[in-house]
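structure of the sequence below:
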Amino acid sequence: MSKKAGAAAAAQGPKVYVGLVRLLVPAGKAAPAPPVGPALGQRGLNLMEFCKAFNDQTKDMIEGTPIPVKMNAYSDRTFTFDIKTPQASWFMKRAAGVAKGSSTPGRGDTVGEISLKHIYEIAKVKQKDTEHVSLEGVCSQLVSQARNIGLKVVRG
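Just a heads-up that it's a prediction; the model follows:
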């Protein structure tokens, strides 16, 4: 279908959901280069419109923070997107001061330590994405995830 035909079809009827696009974009650094360009280009979406809107919404965040984005694409080449909180592993590695997790987690190899206070603070941020889970439940998930990436959880 050509662009004119697609625009005419969209003008005649309601918006039709085309698909979901999931991206991991650095805060404040969205550009029409990979990974954003190819993902949105396949759907025929306006790259610069997304980049400007995303960079505007993430201007208050620390630049370069990896932000998960869920984007809904529609048949009239429009879109809506939701910004989620950064991944828990990114928060934990940053709190522990390590660049990457253990290559052999669970075998006694730890790359750093993280306190329960840090786990609690991360859980308060991550609970915004999982409203149906209690804060205690989010904390227990984070403790398990910390062990899985090779961080030792300590009191204090």
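
pretty sure Phe79 contacts Leu47?
No. Counting by Cβ atoms under 8 Å, Phe79 sits too far from Leu47 to count as a contact (10.7 Å). In this view, the C-beta of every residue, glycine as well, is placed from N, C-alpha and C.

quick check: neighbours shared by those two?
Residues touching both Phe79 and Leu47 by Cβ atoms under 8 Å, 6 or more residues apart in numbering: Leu40.

give the contact list for the spatially most central residue of the chain.
Using Cα atoms, centre = their mean, the residue of the chain that lies closest to the mean C-alpha position is Pro68, 1.3 Å off. Each residue near Pro68 by Cβ under 8 Å, 6+ apart is listed here: Arg22, Leu23, Leu24, Ile83, Lys84, Thr85, Pro86, Gln87.

what's the spacing between it and Gly37?
18 Å (Cβ to Cβ, to the nearest Å).

same question, Ser140
According to Cβ to Cβ, Ser140 and Gly37 sit 39 Å apart.

tally up the residues packed near Leu45, please.
Other residues near Leu45 number 19, with proximity taken as other Cβ atoms under 10 Å.

excluding its backbone neighbours, what's nearest Gly97?
Once flanking residues are discounted, Gly97 sits nearest to Gly112: 6.3 Å by Cβ to Cβ, 6 or more residues apart in numbering.

many thanks, we can stop here.
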